[in-house]
Every structure is written in structure tokens, then in C-alpha cells.
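**Student:** Fold the stuff below for me.
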Amino acid sequence: MPLLDPAVPKRARCLMIQGTSSDVGKSLLVAGLCRAYTRRGITVRPFKAQNMSNNAAVSVDSDLPPGPDGEIRCGEIGRAQALQARACKMPASIHMNPVLLKPQACVGSQVVLRGRALGNWPARHYHELKPMLMPAVLDSLRRTAALAELVIVEGAGSGTEVYLRHCDITNMNLAELADLPVVVLTDNDRGGAIAAVVGTYLLHTAEERARIVGYIVNKFRGDFSLYEPGCQVMTEQTGWPLLGVVRWFEGAGRLPAEDALALEKPTRQTSGAAGSALLVVVPQLSRVANFDDLDPLAAEAGVVVRWIPPGEPIPAEANVVLLPGSKTTRADLDVLRREGWDIDIHAHVRRGGRVVGLCAGFQMLGHVVRDPLGIEGAAGETPGLGLLDIETTIGGDKRLIDIDRFDSVSGQRVVGYEMHMGRTDGPGLARPWLRLVGADGGETPEGAVSADGRITGAYIHGLFAADGFRSHWLRQLGAQISELDFEAQVEATLEALADHVEANLDLDALLALAR
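**Tutor:** Now for the predicted structure:
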């Protein structure tokens with residue numbers, strides 16, 4: 001029996017996309033559908049009950065009180081839902097992704113409920129917590145639906161994880177409680193799509209099978225006439241109609257990725273042309289977070305961004321070593337040392353190379369990172385790289401701030417956000433990387449830079465997305481400057497994705513299935 005309050009008007013029709021496994025392309029397809037239906041004049045909202053990713057974004061709404069300096073504090077949601085909100089041409093909301101899990105260890109995650117961190121939960125204890133989160137999930141879905149004409153709901157992972165059925169808050173249990181029609185999405189590129197769809201049918205109960213209105217084959221390449229008999233097998237075995245075949249979308253790498261699985265794909269490993277290009281190398285940390293900070297640099301024609309996987313040294317020819325965000329700063333400092341990357345970084349500095357740290361990467365550049373309360377793991381402290389005269393203590397409330405200010409150092413607009421726990425102090429802060437000018441004209445120092453200007457760090461994510469600031473930074477390094485409008489590129493890619501979805505699916509038929 002549906003549990004959404006019948007007394008509250010549910011304005012929107014809903015359609016749920018569930019996958020036969022993780023990484024079948026649910027998030028990208030939902031973004032494409034969001035933009036395609038928005039272009040038709042329909043008010044659309046995305047919704048994903050639970051996401052697991054360290055790639056997060058700030059939302060404009062929050063139930064958090066103002067910060068000690070009066071700043072409005074934001075919430076946080078998964079990066080994929082923020083992109084989907086953008087596809088809908090709407091601000092991101094904590095209700096679009098009410099539960100966000102940010103992995104901190106192999107068996108545990110930080111749990112974020114409606115934009116606010118609840119704390120760290122081992123996997124077994126989190127499964128016991130999930131049923132208590134379902135009322136908030138349903139309420140967020142109701143709030144989202146009340147503001148839209150169509151809500152496209154994204155499942156998580158596979159909808160047929162039968163061992164999790166008792167505590168499911170994001171797939172079939174949610175579909176049953178909210179009375180959602182379900183479309184199954186499978187991935188042809190990885191192979192085994194027929195087994196995945198038929199296996200999904202066999203693992204569902206009769207009631208769940210009846211809720212599924214059809215299936216879509218995603219990431220298809222080649223001659224469909226050769227594959228069509230396979231679709232006939234899937235339809236015959238399940239009784240579900242084929243709702244469409246979506247061909248491979250080449251522009252996927254130009255959009256922010258949902259999670260670190262994207263780093264395993266060659267399309268996101270490098271960009272730009274070799275030779276005279278600026279080489280920016282990024283150690284692939286075990287709990288890398290918000291790595292879409294690198295997307296604007298990778299989009300530059302004169303820049304090559306190369307992620308360095310475990311087991312490989314940092315190349316001597318690198319111009320810049322960039323340390324990205326991380327969910328576990330101390331643990332990833334241990335990774336740097338285990339891989340020998342700390343030795344490579346110091347050798348890079350001795351050769352005259354540059355180092356940039358963003359958020360956790362900024363913390364790593366200091367003398368020490370302390371975690372006296374054991375927020376990120378076991379309590380203790382870990383030596384940093386000692387490249388900036390700063391020290392960091394993990395603790396306190398998570399800082400979630402949206403930033404759109406003028407930087408008086410570069411003379412450029414800076415747009416981004418802060419998302420971190422901990423406080424950084426030390427003499428190195430007396431030489432800030434940025435001086436951010438607020439609406440009142442006052443300046444706020446941000447980050448730190450070494451005396452020779454070659455080591456820089458700051459807490460701001462999204463720093464390089466602002467074209468003027470990115471160009472200023474590249475010019476300082478002697479790199480080729482392009483006319484790239486990064487935000488326009490993202491918009492153009494969303495439009496191309498919507499065109500792709502329109503060309504591959506019958507959107508009128510899909511809309512008719514929503515209820």
C-alpha cells in the first residue's frame with residue numbers, strides 16, 4: 001500500500017529508472033530525459049533516494065543554521081543529482097537526493113541526510129538504520145513531486161539485490177511504497193545484457209514484475225539488426241516490452257562524473273594534446289572526492305590532465321602535481337607514502353615544479369593533519385608533506401558554503417564551494433592564495449602560497465570552472481590560453497545529450513507510462 005500522504009497534493013507524474021547493475025548509465029540517461037522533457041515545457045525534477053559517492057555538490061537549500069560569520073550554509077547532495085537539476089534548469093535541492101553515503105573505509109561511510117552529515121556508520125549498522133530513513137525519503141519525494149509536473153526517479157545499483165530487500169529504501173521497496181512505475185535499464189557495452197534482464201525478471205517477485213513497464217538497452221554500438229533477436233528473447237522471457245535502444249553517447253566524458261568509477265575509463269584519463277601542452281598529474285587517491293574539479297583543466301586544448309594510478313610513479317616531466325579532495329585525508333596521506341608519491345612530489349619541487357592542493361589536498365601540503373576525535377577513522381595524527389607552513393585539525397561542523405566572489409589577487413571572479421570538516425592554522429596563512437571580496441567590500445583571505453609561489457592550496461572546490469581565473473592561472477604557468485567557455489560547454493553537452501535521447505527513445509510513450 002502506498003505510504004505517501006494522500007492529503008498532500010501530488011502534482012507530478014513519476015517514472016523510475018532502475019538498473020540491472022551499477023554503472024549501466026542511469027544517471028546520464030536521467031539527465032538527458034530531464035533536459036529533453038524540460039525543453040518541451042514540462043516542469044521536471046530528478047530524485048534519487050540514496051546515492052553512494054564522494055563526488056558531491058552543494059545545494060541551495062538547507063536546514064542548517066548560518067555559520068559563525070553569518071554565512072548561509074548549504075546542504076550537500078550527489079554530483080549526479082546536481083547535474084540532473086541543472087538539466088532541469090532548476091537549483092539543486094537536498095530533497096532531490098535525501099540520503100548520500102560518502103565512503104570513508106571499505107566497510108563504512110559518512111551518512112548525509114537531507115544535506116547534513118549524521119556521522120560515520122559501518123555498513124552493517126547502516127543497514128539497520130535505513131528503515132528509519134524511509135519516512136524522510138518519502139517526504140522528500142513528496143516535496144519534490146509537489147513542485148513538478150514530472151519526477152524522474154533513479155534507482156541505485158541493481159534493483160535485484162535480494163539480500164538487501166528487507167532494508168531497501170531506493171529501489172523496489174521505494175517503488176512499492178510510492179507507487180512508481182519502473183523501467184529497467186541494462187548496459188549492452190559490458191556484455192551480458194540478455195542475462196541481466198532475464199535474471200532481473202527471475203529475481204523479482206510477481207508483484208515487482210508487474211510494476212515494471214518495460215526495459216531499455218543502453219550504451220549500444222553496432223548494427224541493431226544483428227542484435228534485435230536478442231531483444232526478442234528478452235521480451236519473450238519477461239513479457240516486458242522493449243522501450244528503446246540508446247546508442248553510445250560520445251560526449252559523456254564532458255559532463256561531471258557520478259563517482260570514482262569514471263577514473264577507470266580511458267576517456268577521463270587524459271585530455272588535450274601532448275608535446276608542448278602543460279602536463280598536470282593527479283595521484284589517484286583511495287578516497288578521492290570531488291574530482292570534477294579537474295574537468296575544466298582537462299577541457300583546455302593546451303593542458304593534459306593525467307591521473308596516476310597506484311603502482312605508477314609521478315612522471316618527472318610533470319609541470320604541475322595536483323592533489324585533489326579526499327574523504328579521508330590522513331588515510332590518503334598514507335597512500336601517498338605507500339606508493340612513494342611523497343618522494344616523487346618532493347623531487348618534483350626540487351626540480352622547480354609546481355604543486356596545487358584542493359581541500360584535503362591543501363591539508364596534505366601542511367606539516368600535520370590531526371584527527372583527535374577519530375572522525376575520519378582511528379584517532380591520531382599523520383605528518384603532512386611539509387610544503388606549506390600550516391597544520392590542520394579535523395573536527396567541528398562540516399563547512400558547506402557556496403562561493404561567488406571577486407579575487408583581488410588575480411583580479412578575477414571566483415565561483416565554487418567549500419565542503420570540508422576541520423580547521424587549518426599556521427603562519428603560512430599569512431600569505432593567502434586568494435583574497436575574496438564580498439558584497440560588503442570586505443576581503444577574506446583564502447588558502448596559502450609558498451614564498452616562491454610554486455606551492456599553492458585552498459579549500460575551494462570548482463575553482464578552475466571560472467574561465468577568467470583559470471586563464472589567469474594558466475598564463476602564470478606559461479600555458480597556452482584558449483577561448484574555452486567551460487559552463488557553455490557543459491550546457492552544449494546537456495543539449496546534445498537531450499538530442500541523443502530524443503533520437504533514440506519515444507519520449508511520448510515514456511511520458512505516457514509515468515503516473
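
**Student:** pretty sure M16 belongs to a helix, no?
**Tutor:** No: counting by DSSP: H, G, I helix; E, B strand; the rest coil, M16 falls outside a helix, being strand.

**Student:** I'd say S140 and H95 touch.
**Tutor:** Yes: S140 lies in contact with H95 (CB atoms under 8 Å); the separation is 3.9 Å. C-beta: built from backbone N, CA, C; applies to glycine.

**Student:** which neighbours do the two share?
**Tutor:** Shared contacts of S140 and H95, defined by CB atoms under 8 Å, 6 or more residues apart in numbering, are found at F47, R114.

**Student:** more crowded one of these two?
**Tutor:** H95 (26 against 21; other CB atoms under 10 Å).

**Student:** and that one, what does it touch?
**Tutor:** Taking CB under 8 Å, 6+ apart, one finds F47, D61, R114, S140, L141, R143, T144 in contact with H95.

**Student:** Filter these down to the ones in helices?
**Tutor:** Using DSSP state H, S140, L141, R143, T144 are the members of the contacts of H95 that sit in helices.

**Student:** Export those residues to JSON lines and append columns for distance to D485.
**Tutor:** Output for these, formatted as JSON lines (distance: CB to CB, whole Å):
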{"residue": "S140", "distance to D485": "34"}
{"residue": "L141", "distance to D485": "36"}
{"residue": "R143", "distance to D485": "34"}
{"residue": "T144", "distance to D485": "31"}
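
**Student:** how about the residues you listed, which pair is most distant?
**Tutor:** L141 and R143 (7.4 Å; CB to CB).

**Student:** These two: who's more crowded?
**Tutor:** More neighbours surround L141 than the other of L141 and R143, with 26 against 17 (other CB under 10 Å).

**Student:** who touches the more buried one in this structure?
**Tutor:** L4, F47, A49, H95, V151, V153, L174, A178.

**Student:** now do D61
**Tutor:** Per CB under 8 Å, 6+ apart, neighbours of D61: C74, G75, P91, S93, I94, H95, G115.

**Student:** does V321 sit in a helix or strand, and which one?
**Tutor:** strand 320-323 (DSSP states H and E).

**Student:** what's the distance between the closest residue in space to R79 that isn't next to it in sequence and M419?
**Tutor:** Of all residues beyond its chain neighbours, the one nearest R79 is N55 (4.1 Å), with distances taken as CB to CB, 6 or more residues apart in numbering. Distance, N55 to M419, by CB to CB, to the nearest Å: 11 Å.

**Student:** Tell me the residues that contact both of these two, please.
**Tutor:** N290.

**Student:** What residue spans form the domains of the chain?
**Tutor:** The chain breaks down into these domains under automatic domain parsing: 13-253+493-513, 277-479.

**Student:** Minimum distance to F486: which of those domains has it?
**Tutor:** Closest among the domains of the chain, once you apply CB to CB, is domain 277-479, at 4.6 Å.

**Student:** now the closest one: how far from the chain's centre is it?
**Tutor:** Domain 277-479 sits 18 Å away from the centroid of its parent chain (CA atoms, centre = their mean, to the nearest Å).

**Student:** now do stretch 47-59
**Tutor:** Counting by CA atoms, centre = their mean, stretch 47-59 comes out at 7 Å from the chain centroid.

**Student:** can you give me the end-to-end distance of it?
**Tutor:** 14 Å (CA to CA, to the nearest Å).

**Student:** re earlier: just the ones of the contacts of L141 in helices?
**Tutor:** Reading helices off those with DSSP H, I get L174, A178.

**Student:** For ChimeraX, what selects the buried ones among the contacts of D61?
**Tutor:** A single ChimeraX command selects the buried members of the contacts of D61 (16 or more other CB atoms under 10 Å):
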select :74,75,93,94,95,115
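
**Student:** May I see the contacts of D61 organised as CSV, with pLDDT and distance to I194 added?
**Tutor:** Shown next, in CSV, are the contacts of D61 (pLDDT from 0 to 100; distance: CB to CB, whole Å):
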residue, pLDDT, distance to I194
C74, 87, 44
G75, 91, 41
P91, 94, 41
S93, 95, 38
I94, 95, 39
H95, 96, 37
G115, 91, 40
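
**Student:** What is the helix or strand containing V198 packed up against?
**Tutor:** Under the criterion of DSSP H and E, V198 resides in helix 193-203. Helix 193-203 sits against strand 182-187, helix 224-238, with contacts defined as 3 or more CB pairs under 8 Å, 6 or more residues apart in numbering; DSSP states H and E.

**Student:** Enumerate every residue touching A347.
**Tutor:** Contacts of A347 by CB under 8 Å, 6+ apart are A316.

**Student:** Now do it against A451, distance only.
**Tutor:** 20 Å.

**Student:** Could you do H127 as well?
**Tutor:** H127 is 51 Å from A451, where distance means CB to CB.

**Student:** More neighbours: these two, which one.
**Tutor:** Just comparing H127 and A451: by other CB under 10 Å the higher neighbour count belongs to H127, 15 against 9.

**Student:** beta partners for S326?
**Tutor:** V288 (DSSP bridges).

**Student:** Tell me who's in contact with it.
**Tutor:** N54, L285, S286, R287, V288, A289, D332, C359, A360, G361, M364.

**Student:** Need the buried ones from the residues you listed selected in ChimeraX.
**Tutor:** Per 16+ other CB under 10 Å, the buried members of the contacts of S326 correspond to this ChimeraX selection:
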select :54,285,286,287,288,289,332,359,360,361,364
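
**Student:** Most tightly packed of the helices and strands packed on helix 193-203?
**Tutor:** Highest mean neighbour count of those: strand 182-187, a mean of 25 (counted as mean count of other CB atoms under 10 Å).

**Student:** got the angle for that strand vs helix 224-238?
**Tutor:** Counting by axes from the mean of the first three to the mean of the last three CA atoms, to 10 degrees, strand 182-187 lies at 140 degrees to helix 224-238.

**Student:** quick one: strands adjacent to strand 182-187?
**Tutor:** strand 13-19 (parallel), strand 212-220 (parallel).

**Student:** neighbouring contacts of that strand?
**Tutor:** Here strand 182-187 has contacts from 15-21, 23-26, 29, 155, 159, 172, 175, 193, 196-197, 200, 211-219, 240, 243, 510, 513, using CB under 8 Å, 6+ apart.

**Student:** And for stretch 207-217?
**Tutor:** Here stretch 207-217 makes contact (CB under 8 Å, 6+ apart) with 29, 172, 175-176, 180-186, 188, 193, 197, 201, 204, 227, 231, 234, 238-246, 505, 513.

**Student:** Fine by me, we can end here.
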